[in-house]
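Asker: give me coordinates for this.
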Amino acid sequence: MSTREAPQEAPPPFVFSSSEGFALCRRILKEHLPYEPHDFQIEGICKVLDRVNLLAILATGTGKTGFLSMYMLVVLTIKKDPSLCPSAKFPDNPCMLAICPTKYLEHQMVCQPSNIHTQ
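Answerer: Got it, this is the predicted structure:
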């Protein structure tokens, strides 16, 4: 009589928006940054890592660009050392494209008449 082994279940995905995920991101960023990130930045990064869309409305100079660079630091660090979070899946050679018009360009876009023609 042969015994069949029960299929092994995949481990549940790691939840970055948890105390463990928050601590992991803080630890990774502490190794790479010369400053301490704001809690709201780490919270936002954790949400995005959990595939939750993020809309950050912050005053100029309060760390919106930091979301982008810190997110990539976490992703690249975990890609380099998967033992930090074995269930995390990221693409090989991840990259990011950020398009940020300057205030002057935004002002021009608002002040110029639309070039869209209706028929």
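Asker: my guess is residue 90 contacts residue 78. True?
Answerer: Yes - with contacts defined as Cβ atoms under 8 Å, residue 90 counts as touching residue 78 at a distance of 6.7 Å. Using the backbone N, CA and C atoms, a C-beta is placed for each residue, glycine as well.
Asker: how many other residues sit next to residue 22?
Answerer: 16 (other Cβ atoms under 10 Å).
Asker: please apply the same query to residue 49.
Answerer: The number of residues packed near residue 49 is 22, by other Cβ under 10 Å.
Asker: ok, and the closest non-adjacent residue to it?
Answerer: For residue 49, the nearest residue in space outside its immediate sequence neighbours is residue 16; the separation is 4.0 Å by Cβ to Cβ, 6 or more residues apart in numbering.
Asker: sorry, back to before: so which of residue 90 and residue 78 has more stuff around it?
Answerer: In this view residue 90 and residue 78 are compared by other Cβ under 10 Å, and residue 78 has more residues nearby, 21 against 14.
Asker: the more buried one in helix, strand or coil?
Answerer: Taking DSSP: H, G, I helix; E, B strand; the rest coil as the rule, one finds residue 78 in the helix state.
Asker: wait, doesn't it sit right on residue 89?
Answerer: No - with contact defined as Cβ under 8 Å, residue 78 does not count as touching residue 89 (9.7 Å).
Asker: what are the buried residues along stretch 84-104?
Answerer: Under the neighbour-count criterion of 16 or more other Cβ atoms under 10 Å, stretch 84-104 has 85, 88 buried.
Asker: I am finished for the moment; much appreciated.
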